[in-house]
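Visitor: Need a 3D model of the sequence below.
(2 chains)
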Protein chains: 2
Amino acid sequence: MGARIGVLGGGQLGRMLALAGYPLGLEFRFLDPAAEASAGQVAELWVGDYEDGPLLERFGEGLDRVTLEFENVPLTALERLASRLPVYPPSRALAVAQDRLSEKAFFQRLGIPTPLFYPVERYADLLEGLERIGCPALLKTRRLGYDGKGQFLLREPAQAQEAWARLGGVPLILEAFVPFKRELSILGVRSARGEVAFYPLVENQHRGGILRKSLAPAPGAGALQPQAEALARRIMEALGYVGLLAVELFEVEGGLWANEMAPRVHNSGHWTIEGAETSQFENHLRAVLGWPLGSTAPRGHTAMLNLVGLRPDFSRVLGVPGAHLHWYGKVVRPGRKVGHITLRSDSPATLAERLEWLESLLAAVVPPTE
Amino acid sequence: MGARIGVLGGGQLGRMLALAGYPLGLEFRFLDPAAEASAGQVAELWVGDYEDGPLLERFGEGLDRVTLEFENVPLTALERLASRLPVYPPSRALAVAQDRLSEKAFFQRLGIPTPLFYPVERYADLLEGLERIGCPALLKTRRLGYDGKGQFLLREPAQAQEAWARLGGVPLILEAFVPFKRELSILGVRSARGEVAFYPLVENQHRGGILRKSLAPAPGAGALQPQAEALARRIMEALGYVGLLAVELFEVEGGLWANEMAPRVHNSGHWTIEGAETSQFENHLRAVLGWPLGSTAPRGHTAMLNLVGLRPDFSRVLGVPGAHLHWYGKVVRPGRKVGHITLRSDSPATLAERLEWLESLLAAVVPPTE
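Guide: All right, here's what the predicted structure looks like:
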């Protein structure tokens, strides 16, 4: 039979991993604390705590590889599994990515430009940080932030108390707000045999801290591709990385700065399912298995729209030529990513026209209230 | 939640239907007599007999649509389900397709060129048929033939007794052997709302009665596309067809002849997963749900190779650029379709070169013995 892959986390990323892996003859077993985890609709789901040692022992039995789709898995869980079978990406990649301070320090150590930052444990640190960095600045929890949660934007130093009241009490980091032109991401993948490949840069548009739209390849970003690949390669090699890695970037005057990284398949890579020769999900699995990586070449021009807290009429969405629906089978709640739509075209002009159609259609959907 | 689709049959076609349907938010329930049916690895599988009425009643409960991936489902099963919920394709399409004699007569009635044929019930019919049709001719069982099974090629009338000894005793049909240039197929899809779309013609190469290779779009077949579409459209409209329909064709001097049809997704359409904007599996589901059909436009040039009775080294297959593996999770047995590989390229020359590489790689695989 095919290889058996254990996956820590059972959200939509895991679901799409399984759907990409079945054609490769792979079998999947997911672990997630939530019984309604999205991957459970398409694969075997174990419901349990990542800290439950005996459960992890049993979970690992009969598996050939373990990977993850959620980067805040406790390192102890990874290490316990890694003592029995190959676990990718390596736990040191998670150790770095789970803590914004280690992450920024790591970028700095590798000579990768990143916003000024200052560790904040006490209120005094915040004041000192604001003096060094100036405003605007972002105060963030070092751990467990996602989709803009656990952040406070200080437009002026007078907001220090308010920011502290909101976030203080856990380890924080103060970061300079970067006057970026746009946000990009680079998706790299490195296999267990050391083969490396990169997708073209993606342009990402956020609203309310949540990714709403990606354009791939990022228009007019060809000249930035070598710099992006070089920094992602440096990160992957420094970590002995295996699997797909996403690095979120700011495009600024003069080049690219690294904002943060995700040691897993990434929302800004969903376009690759239809928009690239090989999807990020398949390439992550190929990497983890030590198989040759698939071509990362784009197929035409692609836009990806997240469905956040709303369920459109599927039939109307599919009426837009070139639209591909991905529904995650989740209950719709405000602010929750419940699906995405990929729009692909061979021509940028046709893509722009259809994107307008699709966006106006989505804008008319009435979201459910809390 | 999404619509629930019941599928009669749980082989690889069903498996690929489910994998295409999950992103559309669909849920699946399969019925198959075999507990090891391939779709059961990725979806809910009920093991049971298609003739088990009470089981069918329970199977239909809570479903929104029923479809099939195996055309030899008893019509009574379809009709029993159709009295409770929409079942597509309609049972009259199956009635025609399940019997080679009705099928040929149906083509004839629609004015679609098809080989000369003669019904054979008794040995005397065979002799009479051979006199009318001449040799070479094919004697076939009217029902339940697939992959070249239930056929006998008569090169000369003297083989009548041998052919009769092999196949006699069930209703048969004698067909003229058509000196075709090549075999093609046209895949059409018609939605519950009457929308119709066609994929480009596919060239199919068989060996031992089993499809081995498809090339899509069929090289140099552009001029035949209108005739192929017209005949497939006539068939679909005559049957009030809903879903994907494959018509196998002979290219002869002067045009196309219909050989047979399959009222389901088809092996010669597997290339559409990577080689077309929308796969045959997704379009079948869209059709059954009355949703808009997706674009059937090809993306570059594609070859599909069936894996028949052998399991190649996956890693070596995936080392061929543009190769996409589809493994069905079945036990490998001689003559059994256990997977396929799609090879895609933007350039026909590159495709040809890589196809040679892939074929030589597959030729070196030692198949297991019976």
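Visitor: Specify the beta-bridge partners of the nearest residue to A:Leu68 once chain neighbours are set aside.
Guide: With Cβ to Cβ, 6 or more residues apart in numbering or on different chains as the criterion, A:Leu68 has its nearest non-adjacent residue at 4.1 Å, and that residue is A:Leu8. C-beta: built from backbone N, CA, C; applies to glycine. Under the criterion DSSP bridges, A:Leu8 forms beta bridges with A:Leu31, A:Leu68.
Visitor: I'd like the distance between A:Leu8 and A:Lys337.
Guide: Using Cβ to Cβ, to the nearest Å, one obtains 19 Å as the distance from A:Leu8 to A:Lys337.
Visitor: okay, those two: which has more neighbours?
Guide: Counted by other Cβ atoms under 10 Å in any protein chain shown, A:Leu8 and A:Lys337 do not tie: A:Leu8 has more neighbours, with 25 against 17.
Visitor: check contacts around the most centrally placed residue in chain A.
Guide: Central residue of chain A (Cα atoms, centre = their mean): A:His266, 3.2 Å from the mean position. By Cβ atoms under 8 Å, 6 or more residues apart in numbering or on different chains, A:His266 lies in contact with A:185, A:187, A:244, A:246, A:280.
Visitor: go again using 6 Å as the cut-off
Guide: For A:His266, the contact set (Cβ atoms under 6 Å, 6 or more residues apart in numbering or on different chains) comprises A:Ala246.
Visitor: Same check on A:Ala20?
Guide: When the contact criterion is Cβ under 6 Å, 6+ apart, the partners of A:Ala20 are A:279, A:281-282.
Visitor: And A:Gly11, by the same measure?
Guide: Contact criterion Cβ under 6 Å, 6+ apart gives A:Ser38 as the residues in contact with A:Gly11.
Visitor: The helix or strand hosting A:Phe28 packs against which elements?
Guide: Element membership of A:Phe28, judged by DSSP states H and E, is strand A:27-32. Under the contact definition 3 or more Cβ pairs under 6 Å, 6 or more residues apart in numbering or on different chains; DSSP states H and E, strand A:27-32 sits against strand A:4-8, strand A:44-47.
Visitor: re the thing from before, gap between the residue nearest to the centre of chain A and chain B?
Guide: A:His266 sits at a distance of 18 Å from chain B (criterion: Cβ to the nearest Cβ, to the nearest Å).
Visitor: Likewise for A:Leu362?
Guide: Here A:Leu362 is placed at a distance of 16 Å from chain B (Cβ to the nearest Cβ).
Visitor: Excluding sequence neighbours, find me the nearest residue to that residue.
Guide: Of all residues beyond its chain neighbours, the one nearest A:Leu362 is A:Pro312 (5.8 Å), with distances taken as Cβ to Cβ, 6+ apart.
Visitor: List the contacts of the residue of the stretch 1-150 of chain A found nearest chain B.
Guide: In the stretch 1-150 of chain A, no residue comes nearer to chain B than A:Gly25, which is 3.3 Å away by Cβ to the nearest Cβ. When the contact criterion is Cβ under 6 Å, 6+ apart, the partners of A:Gly25 are A:2, B:327.
Visitor: Same check on A:Pro200?
Guide: For A:Pro200, the set of contacting residues under the criterion of Cβ under 6 Å, 6+ apart consists of A:217, A:298.
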